[in-house]
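Chemist: attaching a predicted model along with its sequence, questions to come.
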Amino acid sequence: MIEDPFARTALWSKRLGLFAVPVAIIAVFVQRSGRVDFQPALTALGAGLVLAAAAVVLGLTAFAIIWVRGNRGAGAASTGIVAGVLVLAAPLYFMAQASSLPPLIDIATGPANPPAFVFAGTERTPRDNPIAYAGEMSALAQLSAFPDIQPLRVAQPPDEVHSLALQLVEARGWRVLDSGYTARRIEAVATSLIMKFEDDVVIVIEPDGSGSRVQMRSAARAGDRDFGRNAERVRGFLSELGAQAR
């Protein structure tokens with residue numbers, strides 16, 4: 001009895017899918033190590049995503065061939081598709097989120113006059129994003145996309161709010177560059193969980209009558225968009241600070 005031939009596309013789907021997994025993992029660990037620039041790590045991750053996408057396309061093609069011709073290889077095609085989807089899942093999720101957001105990298109509670117970074121500039125390299133705020137177009141894009149991000153007003157005096165804000169910064173594990181007790185300002189570096197992308201954060205507490213007004217800014221050091229993470233960070237931090245302040 002002659003066996004049905006094996007679908008070559010199924011074999012290649014499996015090979016590319018299984019190869020995409022370590023390529024993507026290595027790219028993530030290279031970025032997390034901090035030993036190379038952002039761009040090479042991103043290029044390596046992109047290569048893994050291309051391999052994963054090819055594995056899914058070849059796997060689906062293999063299933064079509066198997067259906068029409070009766071070839072073998074369903075197991076290999078399934079392996080390739082599953083591996084490819086696993087690699088693509090997270091990036092596709094973030095891309096879907098980003099599709100509805102403007103390409104922002106710098107979010108501030110007062111985009112018309114955002115708090116300035118002082119200490120963060122000493123850590124940024126020429127290959128990083130500029131430390132200066134992008135300007136009017138960025139401010140208008142933020143106001144359209146995130147109208148809820150506004151300065152926080154609380155009844156507590158500035159010194160107490162500053163101490164509470166510093167506690168929240170430390171609880172989040174952000175690396176403090178300046179605690180600014182005299183000026184009531186805090187500069188810190190927030191690091192993303194998986195890829196270890198670094199974002200600079202500045203928090204300024206100002207007198208507001210008998211209470212305080214809190215301004216905050218969060219900006220990505222690298223990349224041309226932040227997928228909404230800086231807005232999420234500012235919104236989450238001020239929400240928790242407002243809940244804890246009197």
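Modeler: Arrived safely, thanks for sending.
Chemist: mind listing what's buried in the helix ranked longest in the chain?
Modeler: Secondary structure assigned by DSSP state H gives helix 38-69 as the longest helix of the chain. Neighbour-count burial for helix 38-69 flags 38, 41-42, 44-45, 48-49, 51-59, 61-63, 65-66 (criterion: 16 or more other CB atoms under 10 Å). Bear in mind the C-beta positions are built from the backbone N, C-alpha and C, glycine included.
Chemist: same question, stretch 124-138
Modeler: R124, D128, N129, I131, Y133, A134, S138.
Chemist: domain ranges for the protein?
Modeler: Listed domain ranges for the chain are 8-98, 106-244 (source: automatic domain parsing).
Chemist: so can I have a markdown table of those domains showing mean pLDDT?
Modeler: Converted to a markdown table, these look like this (pLDDT from 0 to 100):
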| stretch | mean pLDDT |
| --- | --- |
| domain 8-98 | 87 |
| domain 106-244 | 92 |
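Chemist: which element is encountered next along the chain beyond the longest helix of the chain?
Modeler: helix 74-98 (DSSP states H and E).
Chemist: could you point out which element follows that following helix?
Modeler: Note on helix 74-98: by DSSP H and E, the next helix or strand toward the C-terminus is strand 106-108.
Chemist: need the residues that contact the helix or strand following that next one.
Modeler: The helix or strand immediately downstream of strand 106-108 is helix 136-145, counting by DSSP H and E. Contacts with helix 136-145, where a contact means CB atoms under 8 Å, 6 or more residues apart in numbering, come from L101, P102, L104, D106, I107, A108, P111, A112, Y133, I149, A231.
Chemist: in a strand, V28, correct?
Modeler: No: judged by DSSP: H, G, I helix; E, B strand; the rest coil, V28 forms no part of a strand; its state is helix.
Chemist: check contacts around it.
Modeler: Contact analysis of V28 by CB under 8 Å, 6+ apart lists L45, I194, M195.
Chemist: closest to G173 among the residues you listed?
Modeler: Set against G173, the nearest of the contacts of V28 by CB to CB is I194 (14.5 Å).
Chemist: now do the contacts for that closest one.
Modeler: Going by CB under 8 Å, 6+ apart, I194 touches V28, R32, A90.
Chemist: redo that, cut-off 7 Å
Modeler: With contact set as CB atoms under 7 Å, 6 or more residues apart in numbering, I194 has these partners: V28.
Chemist: how close does it get to A27?
Modeler: 11 Å (CB to CB, to the nearest Å).
Chemist: about what we covered before: so which of the contacts of helix 136-145 comes closest to P158?
Modeler: A108 (19.1 Å).
Chemist: OK, contacts around I107?
Modeler: Shown in contact with I107 (CB under 7 Å, 6+ apart): Q142, F146, I149, R217, S218, N230, A231, V234.
Chemist: over to the closest residue to F94 other than its chain neighbours: give its phi and psi.
Modeler: Distance criterion CB to CB, 6 or more residues apart in numbering; nearest residue to F94, sequence neighbours excluded, is F227 at 4.9 Å. Backbone torsions of F227, given as degrees, to the nearest 10, read phi 60, psi 30.
Chemist: is it true that F227 touches Q97?
Modeler: Yes: contact criterion CB atoms under 7 Å: F227 and Q97 qualify, at 5.9 Å.
Chemist: more neighbours: the two, which one.
Modeler: Set F227 next to Q97 and count neighbours by other CB atoms under 10 Å: F227 wins out with 20 against 12.
Chemist: SS state for the spatially closest residue to R32 that is not a sequence neighbour?
Modeler: If the residues on either side of it in the chain are set aside, R32 comes closest to K196, at 4.3 Å by CB to CB, 6+ apart. Using three-state DSSP, the secondary structure recorded for K196 is coil.
Chemist: ok, K196 to I205 distance?
Modeler: For K196, the distance to I205 (CB to CB) stands at 29 Å.
Chemist: again, but for R217
Modeler: 13 Å.
Chemist: right, I'll call it a day here.
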